[in-house]
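1. would you be able to build a 3D model of this:
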Amino acid sequence: MGMDILLLGTATAVAAGLTLFSGFGLGTLLLPVFALFVPMPAAVALTAVVHLLNNLFKLALLGRHADRRVVWRFGAPALVGAWVGARWLIALDDLPALATYQLFGAAREVLPVNAVVAGLMMVFALAELRPAATPSTAGPWVLPLGGVVSGLFGGLSGHQGAFRSAALAAYGVSKETFLGTGIVIACLVDTVRLTVYGGRVMTEVGAHGPLVAVAVASAFGGVWVGARLLPHVAMPAIRRLVAIGLILIAVGLAGGWL
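-> Sure thing, here's the model as predicted:
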């Protein structure tokens, strides 16, 4: 356990620091870190806990900039999507292995939940390498549609930020409103999916309490250090390396190697 805590703390600090350089969100980078230590459903749930705590801190700083109308029109559909996505995660976890095989003398399993979440990790790793959306004046339909899709993937794997950011950017809001509204919606989605995960979350948090505590502290520490290194890092190169790393980890998780 001591070595696991040390490794998780180091990996979490690095992942949190990389969010400043790579453009990837904390949930996107933290999920594969947890998945290396605990089963995928537990990794999704524990990532959600850390993600929510981190966003509550941001909420205290930036929540006043949220646009209530956008929160309602985007957030309400997002909550429905998050509930459905979280239910899908639970259903996938109950399915039997798709395949089993031997590798280096050890039994390996290709689990449906791992394959689906790892596939989403690869898709979002590639998608987030694309240039940021240019603000526009898209119609009001973009908010409920973006909310449903963002919430759905948020509940299933925690990958809610890409669709949320794209929808808010397309709708055309100010920088402050973009940040404040996004944080409020992220907190709502995290709360709903953690509620649906229910007893499984409490069981995992209780079983891995030290890991969660270390992850939270390391995430804040990683951001603090990263902010001081920001002027000295080549961000495009880091962005590509992080994307490649996420894809490799996702392949390993889907194939049962990790």
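2. roughly how far does Gly154 sit from Val70?
-> Going from Gly154 to Val70 by C-beta to C-beta, to the nearest Å gives 17 Å. Placement of C-beta: from N, CA and C, glycine included.
3. neighbour-wise, which of these two wins?
-> Neighbour totals were compared for Gly154 and Val70, and Gly154 leads with 30 against 23 (other C-beta atoms under 10 Å).
4. that one sits in which helix or strand?
-> Assigned by DSSP states H and E, Gly154 belongs to helix 142-157.
5. what about that helix, distance to the chain center?
-> Centre-to-centre, helix 142-157 and its host chain are 13 Å apart (C-alpha atoms, centre = their mean, to the nearest Å).
6. one more: stretch 40-49?
-> Averaging C-alpha positions (C-alpha atoms, centre = their mean) puts stretch 40-49 9 Å from its chain's average.
7. contacts for it, please.
-> Outside of stretch 40-49, the residues within contact range by C-beta atoms under 8 Å, 6 or more residues apart in numbering are 27, 30-32, 34-35, 37-38, 89-90, 93, 111, 113-114, 117, 157-158, 190, 193-194, 197, 200-201, 204-205, 208, 211-212, 215, 253.
8. ditto for stretch 109-125
-> Around stretch 109-125, the neighbours that count as contacts under C-beta under 8 Å, 6+ apart are 24, 28, 31-32, 35, 40-41, 44, 89, 92-93, 95-101, 153, 156-157, 159, 162, 242-243, 246-247, 249-251, 253-256.
9. just the buried ones from those residues?
-> For the contacts of stretch 109-125, a burial check counting by 16 or more other C-beta atoms under 10 Å picks out 24, 28, 31-32, 35, 40-41, 44, 89, 92-93, 153, 156-157, 159, 162, 242-243, 246-247, 249-250, 253-256.
10. for the helix or strand where Arg240 lies, output the C-alpha coordinates as PDB.
-> Using DSSP H and E, Arg240 sits in helix 235-255. What follows is helix 235-255, C-alpha atoms only, in PDB (Å, rounded to 0.1, in the frame of the first residue of the first chain):
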ATOM      1  CA  MET A 235       3.100  23.400 -24.600                       C
ATOM      2  CA  PRO A 236       2.500  21.900 -28.100                       C
ATOM      3  CA  ALA A 237       5.200  19.200 -27.500                       C
ATOM      4  CA  ILE A 238       3.700  18.300 -24.100                       C
ATOM      5  CA  ARG A 239       0.200  18.200 -25.600                       C
ATOM      6  CA  ARG A 240       1.300  15.600 -28.200                       C
ATOM      7  CA  LEU A 241       3.200  13.500 -25.700                       C
ATOM      8  CA  VAL A 242       0.300  13.400 -23.300                       C
ATOM      9  CA  ALA A 243      -2.100  12.400 -26.000                       C
ATOM     10  CA  ILE A 244       0.200   9.500 -27.100                       C
ATOM     11  CA  GLY A 245       0.600   8.400 -23.500                       C
ATOM     12  CA  LEU A 246      -3.200   8.400 -23.000                       C
ATOM     13  CA  ILE A 247      -3.700   6.300 -26.100                       C
ATOM     14  CA  LEU A 248      -1.100   3.800 -25.100                       C
ATOM     15  CA  ILE A 249      -2.600   3.400 -21.600                       C
ATOM     16  CA  ALA A 250      -6.100   3.100 -23.100                       C
ATOM     17  CA  VAL A 251      -4.900   0.300 -25.400                       C
ATOM     18  CA  GLY A 252      -3.300  -1.500 -22.500                       C
ATOM     19  CA  LEU A 253      -6.400  -1.200 -20.300                       C
ATOM     20  CA  ALA A 254      -8.700  -2.400 -23.100                       C
ATOM     21  CA  GLY A 255      -6.500  -5.400 -23.900                       C
END
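11. for that helix, give the mean pLDDT please.
-> If you average the pLDDT over helix 235-255, you get 77.
12. for stretch 155-166, same thing?
-> Computed over stretch 155-166, the average pLDDT equals 80.
13. for Leu79, see how far away the most centrally placed residue in the chain is.
-> Note on the chain: the residue nearest the mean C-alpha position is Gly27, at 2.5 Å, using C-alpha atoms, centre = their mean. Counting by C-beta to C-beta, the separation of Gly27 from Leu79 is 17 Å.
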